[in-house]
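Peer 1: requesting a structural model of the entry that follows:
(3 chains)
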Amino acid sequence: MSELLFYLDIFGIVVFAFSGALMAGRYQLDPFGVVVLASVTAIGGGTIRDVILQTQVFWVAKPYYLYVILATSLLTIMLIRQPKLIPKRFLLIADALGLALFAVLGTQKSLYLGAPVPVAIVLGTITGVAGGMIRDVLCNVIPLILRQEIYALAAMLGGCLYILLDWLGWGENQAIIASMSAALCLRLAAIYWRVSLPAFDIPEQDNKR
Amino acid sequence: MSELLFYLDIFGIVVFAFSGALMAGRYQLDPFGVVVLASVTAIGGGTIRDVILQTQVFWVAKPYYLYVILATSLLTIMLIRQPKLIPKRFLLIADALGLALFAVLGTQKSLYLGAPVPVAIVLGTITGVAGGMIRDVLCNVIPLILRQEIYALAAMLGGCLYILLDWLGWGENQAIIASMSAALCLRLAAIYWRVSLPAFDIPEQDNKR
Amino acid sequence: MSELLFYLDIFGIVVFAFSGALMAGRYQLDPFGVVVLASVTAIGGGTIRDVILQTQVFWVAKPYYLYVILATSLLTIMLIRQPKLIPKRFLLIADALGLALFAVLGTQKSLYLGAPVPVAIVLGTITGVAGGMIRDVLCNVIPLILRQEIYALAAMLGGCLYILLDWLGWGENQAIIASMSAALCLRLAAIYWRVSLPAFDIPEQDNKR
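Peer 2: Below you'll find the predicted structure:
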């Protein structure tokens, strides 16, 4: 793993743990509940990816991920007591950043481990979205991914772009940075302008079951 | 895998993807949310089965499953705009069909990979019910399996019957067709006549915790 | 596996299956729904642990676990028809017992299979809490672990204490009994005196997203 990948990976963990911890704050969980929700959000996607790929789960091999999550949770608890220190938009940007980072890194790892291209894209998307999905399900909230702002689409486009650039012969680091940036911009733009894809709406009268 | 198994398998994927896509329509998801929910429903059960059996996850080995789901989702979105084309009862029949197909195919695959008989029955049931369960949990709905119409029982009886017929020396194809038909008929009958098993009801006053 | 471990393990399965069956009764599920919910609660945590550790899932290797769950579910259905036979506090004690048992046994198994210490603690906690978590999510209830009474903390402390005692050179059986007792007492005390850790509360005005 290159140094860049290593730092991006840690950064993604921090950012998702932070989003899980903030969600825990919203539900007034105790500090231990905060750590649990932060962990699930940060490692859920990658765990499912590794289990499906039948490779060793990343945090079993490298327990420092657990320390990073613990530190992030505790820092969030301490910092958030003075919530003015955190700009409002920061949470949304952080969440989008985690999505973009993990989608591309997940695609890259899956390809590296020999998954076929469509499988790598699906596993990248899972890496990006599953942690947040479990977080939302545990809190009894309909997951972000199932609401109407472009979310999983951004993750999938990031993975596709990475594969394209890699195939075009870009260097790995350049391809990763470019595709993450693209996914991030798409998601941020969707949040900012509230862009959604058109809904798939079945008229009520045909919807009885 | 025999040709019959292959086609039944694909048919089960189509049918469950269709049910997931219809559910997505009910919640007015965007096209990408439709694909996500269709995928989860169609491959959720088999993925859990393969992970527990520690064999390669079926859609990682054969990515064409992903194309089938994608095509089914897009077709559902396009066809459902003229919902009169779809008879009302079709959804219920399709759902029951997927349950019956996957329960028997899951049992068969587990046995084939060396699982003991009771484990094969449990894994067959999981293959049949887990995809729909995840679909319902993501949509914040109490899963079908936990409501009162015969559901998991149909799946389990399908698996048991397959094992019995196999043990009696029937040919594989005949055993599969017969046990699927039995599970399907049981589930359809339960839907049609609203048959339920008697509820396990704890009187309210003893239910405080 | 020593004889003590074997019996504690079975006892944990019984106790969690019982809690799942009681929950099913609360939702008036049919007998088959009771078995499904009891199974998920009893084997959910250990299944996730084994999948992450990439060892054979325990109930695939030893199907008698499935018979134990089946028997517990049926007994619960029959006994609960005369609910006076069951003291009110029994459910709470049983639940805490399952948590304490599985957290320590999960930590012990993970260490035995070579997991690093922090990973073993996390996997022990998962073994103790995940089954109940899935049970609650399926019933559309916010999981116990995310509410405010000390829950996951008790599980984690049990695992930590086991590791400490093991490192201090205690015999395995003594270390297991002592750490289970500590986790159990902590959880029971938290229930009895309604002790919670202080909530992580983000003031409402900073909570908009």
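Peer 1: next up, the contacts around residue A:74.
Peer 2: Contact analysis of residue A:74 by Cβ atoms under 8 Å, 6 or more residues apart in numbering or on different chains lists residue A:31. For every residue, glycine as well, the C-beta is placed using N, CA and C.
Peer 1: cutoff 7 Å now
Peer 2: By Cβ atoms under 7 Å, 6 or more residues apart in numbering or on different chains, the contact set of residue A:74 is empty.
Peer 1: what's the spacing between it and chain C?
Peer 2: As defined by Cβ to the nearest Cβ, to the nearest Å, residue A:74 lies at a distance of 10 Å from chain C.
Peer 1: what helix or strand is that residue located in?
Peer 2: helix A:64-79 (DSSP states H and E).
Peer 1: can you map out the helices along chain A?
Peer 2: A:3-26, A:31-53, A:58-61, A:64-79, A:88-112, A:117-138, A:152-167, A:172-192 (DSSP state H).
Peer 1: what about the ones you listed, which gets the closest to residue C:55?
Peer 2: Residue C:55 lies closest to helix A:58-61 among the helices of chain A, at 11.3 Å (Cβ to Cβ).
Peer 1: which residues belonging to the closest one are considered buried?
Peer 2: A:58-60 (16 or more other Cβ atoms under 10 Å in any protein chain shown).
Peer 1: can you narrow these to ones near chain C?
Peer 2: When contact is defined as Cβ under 7 Å from any Cβ of the partner chain, these meet chain C at residue A:60.
Peer 1: pull the contacting residues for residue A:12.
Peer 2: A:98, A:101-102, A:105.
Peer 1: relative to chain C, which of these is nearest.
Peer 2: residue A:98 (14.8 Å; Cβ to the nearest Cβ).
Peer 1: pretty sure the closest one sits against residue A:17.
Peer 2: No. With contact defined as Cβ atoms under 7 Å, residue A:98 does not count as touching residue A:17 (9.0 Å).
Peer 1: neighbour-wise, which of these two wins?
Peer 2: Under the neighbour definition other Cβ atoms under 10 Å in any protein chain shown, residue A:98 and residue A:17 were set side by side, and residue A:17 has more, 30 against 27.
Peer 1: and that one, what pLDDT?
Peer 2: Note for residue A:17: predicted pLDDT of 93.
Peer 1: please name the nearest non-neighbouring residue to residue A:118.
Peer 2: residue B:63 (4.4 Å; Cβ to Cβ, 6 or more residues apart in numbering or on different chains).
Peer 1: just residue A:106 next, same as before
Peer 2: Closest to residue A:106 by Cβ to Cβ, 6+ apart is residue A:127, at 2.7 Å.
Peer 1: hmm, back to that, most neighbours among the contacts of residue A:12, which one?
Peer 2: Going by other Cβ under 10 Å, residue A:102 tops the contacts of residue A:12 with 34 neighbours.
Peer 1: show me what contacts the residue lying closest to residue A:72 once chain neighbours are set aside?
Peer 2: If the residues on either side of it in the chain are set aside, residue A:72 comes closest to residue A:17, at 4.0 Å by Cβ to Cβ, 6+ apart. Residue A:17 makes contact with A:38, A:41-42, A:69, A:72-73 under the criterion Cβ under 7 Å, 6+ apart.
Peer 1: and of those, the nearest to residue B:184?
Peer 2: The closest of the contacts of residue A:17, once distances to residue B:184 are taken by Cβ to Cβ, is residue A:41, at 39.8 Å.
Peer 1: tell me how many other residues crowd that closest one.
Peer 2: For residue A:41, using other Cβ under 10 Å, the count is 31.
Peer 1: where does pLDDT dip in chain A?
Peer 2: A:1, A:82-91, A:148-149, A:195-209 (pLDDT under 70).
Peer 1: kindly report the residues of it close to chain C.
Peer 2: Counting by Cβ under 7 Å from any Cβ, chain A sits next to chain C at A:24-34, A:36-37, A:47, A:51, A:56-57, A:60, A:63, A:66, A:77, A:80, A:83, A:91-92, A:137-140.
Peer 1: what's the span of stretch A:157-175, first residue to last?
Peer 2: 13 Å (Cα to Cα, to the nearest Å).
Peer 1: got it, and stretch A:164-173?
Peer 2: End residues of stretch A:164-173 are separated by 14 Å (Cα to Cα).
Peer 1: got it, and stretch A:113-120?
Peer 2: 9 Å.
Peer 1: and stretch A:22-40, by the same measure?
Peer 2: 13 Å.
Peer 1: cool, and stretch A:52-64?
Peer 2: End-to-end for stretch A:52-64, by Cα to Cα: 22 Å.
Peer 1: can you tell me what sits against that stretch?
Peer 2: So stretch A:52-64 is in contact with A:43, A:46-47, A:50-51, A:65-66, A:110, A:113, A:115, A:123, B:47, B:51, B:56-57, B:60, C:52, C:54, C:115-116, C:118-119, going by Cβ under 7 Å, 6+ apart.
Peer 1: try it again at 6 Å.
Peer 2: Contact partners of stretch A:52-64, identified using Cβ atoms under 6 Å, 6 or more residues apart in numbering or on different chains, comprise A:43, A:46-47, A:50, A:65, A:113, B:57, C:52, C:116, C:118-119.
Peer 1: was I right to think residue A:35 contacts residue A:72?
Peer 2: No. Counting by Cβ atoms under 6 Å, residue A:35 does not reach residue A:72; the two are 9.4 Å apart.
Peer 1: sorry, back to before: tell me how many other residues crowd the residue nearest to residue A:106.
Peer 2: 30.
Peer 1: touching, it and residue A:100? I think so.
Peer 2: No. Look at residue A:127 against residue A:100 with Cβ under 6 Å: they stay out of range, at 11.2 Å.
Peer 1: and residue A:113, how far is that from residue B:172?
Peer 2: 34 Å (Cβ to Cβ, to the nearest Å).
Peer 1: which non-adjacent residue is nearest residue A:96?
Peer 2: Closest to residue A:96 by Cβ to Cβ, 6+ apart is residue A:187, at 4.2 Å.
Peer 1: circling back: closest one of the contacts of residue A:12 to chain B?
Peer 2: Checking the contacts of residue A:12 one by one against chain B (Cβ to the nearest Cβ), the nearest turns out to be residue A:102, at 15.8 Å.
Peer 1: tell me the contacts of that closest one?
Peer 2: A:12, A:45, A:127-128.
Peer 1: redo that, cut-off 10 Å
Peer 2: With contacts defined as Cβ atoms under 10 Å, 6 or more residues apart in numbering or on different chains, residue A:102 is in contact with A:8-9, A:12-13, A:15-16, A:42, A:45-46, A:49, A:109, A:124-132, A:155, A:158, A:180, A:183.
Peer 1: what of residue A:156?
Peer 2: So residue A:156 contacts A:103, A:107, A:121-122, A:124-125, A:128-129, A:183, B:32, B:35-36 (Cβ under 10 Å, 6+ apart).
Peer 1: closest one of these to chain C?
Peer 2: residue A:129 (17.4 Å).
Peer 1: what about residue A:8, neighbour count?
Peer 2: 22.
Peer 1: is it in contact with residue A:177, as I believe?
Peer 2: Yes. With contact defined as Cβ atoms under 10 Å, residue A:8 counts as touching residue A:177 (8.7 Å).
Peer 1: for those two, list the residues in contact with both.
Peer 2: residue A:104.
Peer 1: what is the burial count for the residue lying closest to residue A:165 once chain neighbours are set aside?
Peer 2: Nearest residue to residue A:165 in three dimensions, chain neighbours excluded: residue A:175, at 3.8 Å (Cβ to Cβ, 6+ apart). Applying other Cβ under 10 Å, we find 21 residues neighbouring residue A:175.
Peer 1: check residue A:169 too.
Peer 2: 7.
Peer 1: who's in contact with it?
Peer 2: So residue A:169 contacts residue A:175 (Cβ under 10 Å, 6+ apart).
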